[in-house]
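[1] below are the sequence and a predicted model; questions follow.
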Amino acid sequence: MSASFAPVGISTAPARAWRITPGLMLCAVVAAAGYALAALEQRLFGHPWLEPLVLAILLGAAVRNVWSPGARWTPGVDFGAKTVLEIAVVLLGASVSAATLSSLGVVVVVGIFLLVVVGIVVGFGLGRALGLNPRMALLVACGNAICGNSAIAAVAPVIDADGDEVAASIAFTAVLGVIVVLALPLLGVLLQMSTLQFGALAGLTVYAVPQVLAAAAPFGPAAAQTGTVVKLVRVLMLGPVVFVLSLVAGRDGQSRAPGLHRLVPWFILGFLVMIGLRSLNLIPQAALPWLASASGLLTVIAMAALGLQTDIRAVARAGGRVAAAVVLSLAALLGLALLLIRLLGL
């Protein structure tokens, strides 16, 4: 039976708001618990060992793996994990100026492009060596090297991947993406990385743009800004990669390339618009702290939603070879990222 909770006769927008409210409130409660635990850490230890972002993911995943939210909660959780996350990224653009983008320089941008290309080639080779078929190996490679589920979703129709292949690759990137967000700061501390270095590492390795915020949070706002800008350049590689694959796969003369909205997500464009407004001084200075706080709050809510979507048991169902391919591809990307950071002298 279809889950509908809106009264008959009301318009579509209020009906959708009615449907997403329960799940979104659940995300807010988990996020509030994350803030409460962080405050408790501050009181007990003088500073929080785990940021609210990380705690929200952990709490959400804990809830998800003892209780699976039903149809009543799913629309709101999905909205939190996607739309709320994207709005947070757009608002983050207000904290980044054009000077920050230009500070990367041509050499860094070229280095990021090369990292993506080499990451795809290495990931594809590892997948094939582990016995994956070419389509699955390419999905895993593109997901790791570019932007996780978004890359998989964009590449899948171009190479005619079937539903099982897409589901298996997305299951692993979803779970491993959360693990990376939690584990990467520990690696940064072990390697005694600077704020700039860790921000670059997060941007070069973390799957999704919003997840960069969670991974970089322990190293401060500057790391989050650097990571987001680096990740932005990496995401923009999705268009050229899908275009090349469409040329290779479209030998029947029909274009299989997805539309522009699949190659450049709306929130990336929004992020760039906010950077432009900030650079032109069209955003009042007094509004900047409020926008930053709003971005942070929405990100914590979105991370709670992400945790509520994370089913650790999905890893066991997807298969050992896929797991090995995803993990080894990510490890290779991490090694390449550390090498690039060293070569660039960041």
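    Ah, there it is.

[2] number of residues surrounding the closest residue to Phe124 other than its chain neighbours?
    Leaving out its chain neighbours, the residue that sits closest to Phe124 by C-beta to C-beta, 6 or more residues apart in numbering is Ala141, at 4.2 Å. Yep, even glycine has a C-beta here, placed from its N, CA and C like the rest. Residues near Ala141, counting by other C-beta atoms under 10 Å, number 30.

[3] residues touching Ala141, list them.
    Gly119, Ile120, Val121, Val122, Gly123, Phe124, Leu126, Gly127, Ser329 (C-beta atoms under 8 Å, 6 or more residues apart in numbering).

[4] which secondary structure element contains Asp160?
    Using DSSP states H and E, Asp160 sits within no helix or strand.

[5] next up, phi/psi of it, please.
    With angles defined as degrees, to the nearest 10, Asp160 sits at phi 60, psi 40.

[6] and the helix or strand where Ile275 lies, what does it pack onto?
    Using DSSP H and E, Ile275 sits within helix 266-279. On a contact count with 3 or more C-beta pairs under 8 Å, 6 or more residues apart in numbering; DSSP states H and E, helix 266-279 meets helix 85-92, helix 98-102, helix 209-216, helix 221-235.

[7] the residue lying closest to Ala222 once chain neighbours are set aside: how many residues sit nearby?
    Nearest residue to Ala222, sequence neighbours excluded (C-beta to C-beta, 6+ apart): Thr195, at 4.9 Å. Neighbours of Thr195 under the rule other C-beta under 10 Å: 18.

[8] Thr195: what's it in contact with?
    Phe219, Gly220, Ala222, Ala223, Thr226.

[9] pull out the buried members of those.
    Neighbour-count burial (16 or more other C-beta atoms under 10 Å) applied to the contacts of Thr195 gives Phe219, Ala222, Ala223, Thr226.

[10] find the centremost residue of this structure, please.
    Ala208 (1.6 Å; C-alpha atoms, centre = their mean).

[11] relative to Gly276, how far out is that residue?
    Relative to Gly276, Ala208 is positioned 23 Å away (criterion: C-beta to C-beta, to the nearest Å).

[12] same thing with Ala323?
    Distance, Ala323 to Gly276, by C-beta to C-beta: 42 Å.

[13] more neighbours, these two?
    Ala323 (18 against 14).

[14] hmm, Val175 and that one touching each other?
    No. Using C-beta atoms under 8 Å, Ala323 is not in contact with Val175, being 9.4 Å away.

[15] beyond the helix holding Ile275, next helix or strand please.
    helix 287-309.

[16] pLDDT weak spots in the stretch 201-346 of the chain?
    210, 249-265, 268, 312-319 (pLDDT under 70).

[17] oops, could you answer that again for the stretch 51-200 of the chain instead?
    Ranges of the stretch 51-200 of the chain meeting pLDDT under 70: 96-103, 150, 153-154, 162-164, 167, 171, 174.

[18] what sits against Leu182?
    Val54, Ile57, Leu58.

[19] quick revisit: got CSV for the contacts of Ala141, with neighbour count, distance to Arg234 and secondary structure too?
    Formatted as CSV, the contacts of Ala141 follow (neighbours: other C-beta atoms under 10 Å; distance: C-beta to C-beta, whole Å; DSSP: H, G, I helix; E, B strand; the rest coil):
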residue, neighbour count, distance to Arg234, secondary structure
Gly119, 26, 9, helix
Ile120, 25, 12, helix
Val121, 13, 16, helix
Val122, 19, 15, helix
Gly123, 26, 14, helix
Phe124, 21, 17, helix
Leu126, 22, 19, helix
Gly127, 28, 20, helix
Ser329, 27, 15, helix
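
[20] so Tyr207, which of the three states?
    coil (DSSP: H, G, I helix; E, B strand; the rest coil).

[21] count of neighbours near it?
    Using other C-beta under 10 Å, Tyr207 is surrounded by 26 other residues.

[22] please apply the same query to Leu85.
    With other C-beta under 10 Å as criterion, Leu85 counts 23.

[23] follow-up on the earlier one: now the residue nearest to Ala222: how far from Pro75?
    Distance from Thr195 to Pro75, by C-beta to C-beta: 38 Å.

[24] likewise Gly270?
    22 Å.

[25] again with Asn149
    Applying C-beta to C-beta to Asn149 and Pro75 gives a distance of 18 Å.

[26] go on, Val140?
    Counting by C-beta to C-beta - Val140 and Pro75 are separated by 29 Å.

[27] what about the two, which has more around it?
    Taking neighbours as other C-beta under 10 Å, Val140 and Pro75 compare with Val140 leading, 29 against 19.

[28] quick one, the host helix or strand of Val108 and helix 221-235 angle?
    If you go by DSSP H and E, Val108 is part of helix 105-129. Here the directions of helix 105-129 and helix 221-235 differ by 60 degrees (axes from the mean of the first three to the mean of the last three C-alpha atoms, to 10 degrees).

[29] for Ala168, pull up the helix or strand it's in.
    Going by DSSP H and E, Ala168 is part of helix 163-190.

[30] and the angle for that helix with helix 221-235?
    150 degrees.

[31] thanks again, I'm all set now.
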